[in-house]
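**Q** Requesting a structural model of the entry that follows:
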Amino acid sequence: IDPTDRPEDYVEYEIDVERAVTKAFVRRPEIASARKEIHREEVELRFAKNQRLPSVNIEGSYGWGGLGGTPRDTAFSAASGPTTGFGDSLTDWGTDEGGENYSIGAVISIPLGNIEGRHNVSKAKLELRRAKTRLKRLEQDIILQVRDGARNLKSAQEGIEAAERKRLAAAEQLRAERIRLEHGESTPFDVLQREEILVEAESQKINALQLYRDSVAELHRAQGTTLEARNVVIGQVMPIR
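**A** Numbering: from 1, shown residues only. This next block holds a predicted model:
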């Protein structure tokens, strides 16, 4: 296995908090979702306001009616028996052999009082304010997350530098103690103590590197740039699906 990242390597970040916050507002999917919710509530409010207005509906119909038998000349014809045949009517119904009929009209509705319409408008306004408040609260949370991530990352980088200085000092002390042992000015016990101090310093640097990588991941999450940092492009996956 050939790892692409070495555990002991790290990149020192110069963090601009304002730019990071701006990037987070563009990249975070929660922000996009909240803005779409506001747009939806704005549409709902316009619809509710429209429902308070008078409405005019145009209605019309067109078709054929079934006819059959021999029609009377007048309403007072002396002919006896049925003047139409039910079977013939069914045959002619829905065809151009039947009687053509059509109608057209308009229905005007004027709401009086319109208590329900005003209530719906008030409700839509309240939902729109709630959506805007949720967006504002989300933006504030993101600002705090970015600032915390930047502060933690800076602290982690300083911790790595401090741990490295401590490790170098412990390594130098161990080297000097071994030289003293070679000249009979020290004991094996003193050398073992210096080795333990070096191991402890190396362990502290490992912990500092782990904290650094956790801080980097947290900052990318706060900015919404995790996929970008890992060179993952969703658009290349969609056509495969």
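**Q** Identify the spatial nearest neighbour of L211, chain neighbours not counted.
**A** Closest residue to L211 apart from its sequence neighbours, by C-beta to C-beta, 6 or more residues apart in numbering: A156 at 4.7 Å. Where C-beta positions appear, they are placed from N, C-alpha and C, glycine not excepted.
**Q** Pull out the buried residues from stretch 150-165.
**A** Residues of stretch 150-165 classed as buried: 150, 152-153, 156-157, 159-160, 163-164 (neighbour count, 16 or more other C-beta atoms under 10 Å).
**Q** Which elements pack onto the one helix or strand A201 maps to?
**A** If you go by DSSP states H and E, A201 is part of helix 188-223. Packed against helix 188-223 by the contact rule (3 or more C-beta pairs under 8 Å, 6 or more residues apart in numbering; DSSP states H and E) you find helix 17-27, helix 115-182, helix 226-229.
**Q** and the second one, what does it pack onto?
**A** Helix 115-182 is packed against helix 17-27, helix 29-50, helix 188-223, with contacts defined by 3+ C-beta pairs under 8 Å, 6+ apart.
**Q** Report the angle between it and helix 17-27.
**A** If you take axes from the mean of the first three to the mean of the last three C-alpha atoms, to 10 degrees, helix 115-182 sits at 130 degrees to helix 17-27.
**Q** Downstream of the helix-or-strand element of the chain with minimal mean pLDDT, the next helix or strand is which one?
**A** Averaged element by element with mean pLDDT, DSSP states H and E, the chain has its least confident helix or strand at helix 86-92 (a mean of 53). Using DSSP H and E, the next helix or strand after helix 86-92 towards the C-terminus is strand 99-109.
**Q** which helices and strands sit right next to that next one?
**A** Secondary-structure packing of strand 99-109 (3+ C-beta pairs under 8 Å, 6+ apart): strand 55-65.
**Q** which one is E139 nearest to, not counting chain neighbours?
**A** Closest to E139 by C-beta to C-beta, 6+ apart is F25, at 6.8 Å.
**Q** got the contact list for the one you found?
**A** Shown in contact with F25 (C-beta atoms under 8 Å, 6 or more residues apart in numbering): 31, 139, 142.
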